[in-house]
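# the sequence and its predicted three-dimensional model are supplied below.
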Amino acid sequence: MKPFAIVAALALAGPALAEQAVVAPPEAGSVSRADGLAAWDRVYEVVSHPRCANCHVGPDNIPMWSGPSYGTARKHGMNINAGESRMGAEYVPCAACHVQRAQEDLADNGPNEPPQVALAWQLAPVEFQWFGKTSAEICAQMADPERTGGRDWVALAEHLAEDAHHGGFVAWGWNPGGGREPAPYDLQRHIDDVLAWGAAGTPCAD
Ligand code: HEC
Ligand code: HEC
């Protein structure tokens with residue numbers, strides 16, 4: 001094998017589950033409301049996508065199986081319930097099947113296998129519910145630091161970069177493996193859109 005071929009093979013063997021992304025916030029007020037609203041529309045396409053929303057579910061604490069690879073949208077099979085802990089501590093821990101892997105051991109998740117990432121698999125906190133909510137509802141929620149765990153728009157973007165850097169859920173959403181449809185756009189574009197929306201003053205359509 002020529003050196004070039006070896007490099008290419010290594011790049012293929014290590015899925016891009018640990019992604020580097022840049023958080024470069026534009027100056028507040030430097031983005032127009034129209035451009036901010038357009039950026040929000042793309043942010044909504046991502047956060048409402050099954051690869052993200054299946055975990056960002058409501059107070060019944062039940063993850064969703066939705067998206068093209070699942071056919072009809074339905075609740076997670078096998079009577080899985082995350083409980084108030086949101087990680088299944090009260091019942092079967094999510095990590096019993098969604099085993100937490102070392103970042104260097106991350107591999108593509110196969111079809112119908114439980115996705116496994118470098119974090120302990122769990123639902124997002126209930127105040128970050130996106131599944132089943134409208135664009136306007138999620139916009140108002142993400143624009144209000146009292147409902148984002150105190151994160152403003154820059155901190156939301158930093159969370160995305162940080163999670164992806166550690167091989168977490170966000171990175172997985174764009175590289176889900178197993179024939180699952182990835183979230184639209186890509187991580188860097190999503191971060192840039194969150195920042196553009198924020199610099200426009202977090203506008204939400206009326
Ligand atoms: C395995 C379940 C899971 C998946 C899949 C998932 N998330 Fe999350 N998400 C979480 C958890 C858990 C938290 C809470 C982390 C924290 O607050 O530190 C969270 C928090 C967040 C936050 C912070 C929300 C806020 O309002 O402060 C953002 C932004 C986010 N996720 C984006 C995404 C995106 C984008 C995707 C898809 C590409 C995604 N998540 C997929 C579990 C998930
Ligand atoms: C008994 C094993 C098992 C347990 C326990 C389990 N899961 Fe799963 N989970 C699976 C399998 C298998 C799949 C993939 C199904 C498929 O692709 O057909 C899956 C898929 C998912 C998905 C969908 C991911 C996607 O494709 O968008 C989410 C979300 C999820 N699980 C969340 C959880 C949460 C949260 C818990 C803990 C409360 C949990 N799971 C506990 C086996 C399990």
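Thanks, I have it. Numbering: from 1, shown residues only. Ligands and ions are numbered 1, 2, ... in the order given.

# right, is stretch 149-158 up against ligand 1?
Yes: counting by Cβ under 6 Å from any ligand atom, ligand 1 has neighbours in stretch 149-158: G149, R151, L156. Just so you know, the C-beta spots here come from the backbone N, C-alpha and C atoms, and that holds for glycine as well.

# burial measure for E84, as a count.
Using other Cβ atoms under 10 Å, E84 has 11 neighbouring residues.

# can I assume it sits in a strand?
No: E84 is assigned coil when assessed by DSSP: H, G, I helix; E, B strand; the rest coil, not a strand.

# quick one: contacts for it?
N61, E90 (Cβ atoms under 8 Å, 6 or more residues apart in numbering).

# which residues are in contact with stretch 166-183?
15-19, 46, 49-52, 55, 67-69, 103, 106-113, 115, 117-119, 121, 160, 163-165, 186-187, 190.

# what subset of those residues is buried?
Buried members of those, counted by 16 or more other Cβ atoms under 10 Å: 15, 17-19, 46, 49-52, 55, 67, 103, 106, 109, 115, 117-119, 121, 160, 163-165, 186-187, 190.

# keep only those that also lie close to ligand 2.
Within those, those near ligand 2 by Cβ under 6 Å from any ligand atom are P50, R51, C55, G67, P115, W121.

# ok, back up a step: among the contacts of stretch 166-183, which are in helices?
V46, P50, R51, C52, L160, D163, A164, H165, L187, H190 (DSSP state H).

# burial of K75, as a residue count?
14.

# isn't V92 right up against I80?
Yes: counting by Cβ atoms under 8 Å, V92 touches I80, with 6.8 Å between them.

# so where's this structure uncertain?
1-18 (pLDDT under 70).

# can we see that at 80?
Across the chain, the ranges flagged by pLDDT under 80 are 1-19.

# near ligand 1, which residues of it are found?
46-47, 51-52, 55-56, 121-122, 124-125, 128, 142, 148-149, 151, 156, 159-160, 169-170, 173, 183.

# could I have the buried ones of these as ChimeraX selection syntax?
In ChimeraX, this line selects whichever of the residues of the chain next to ligand 1 come out buried by 16+ other Cβ under 10 Å:
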select :46,47,51,52,55,56,121,122,124,128,142,148,156,159,160,169,170,173,183
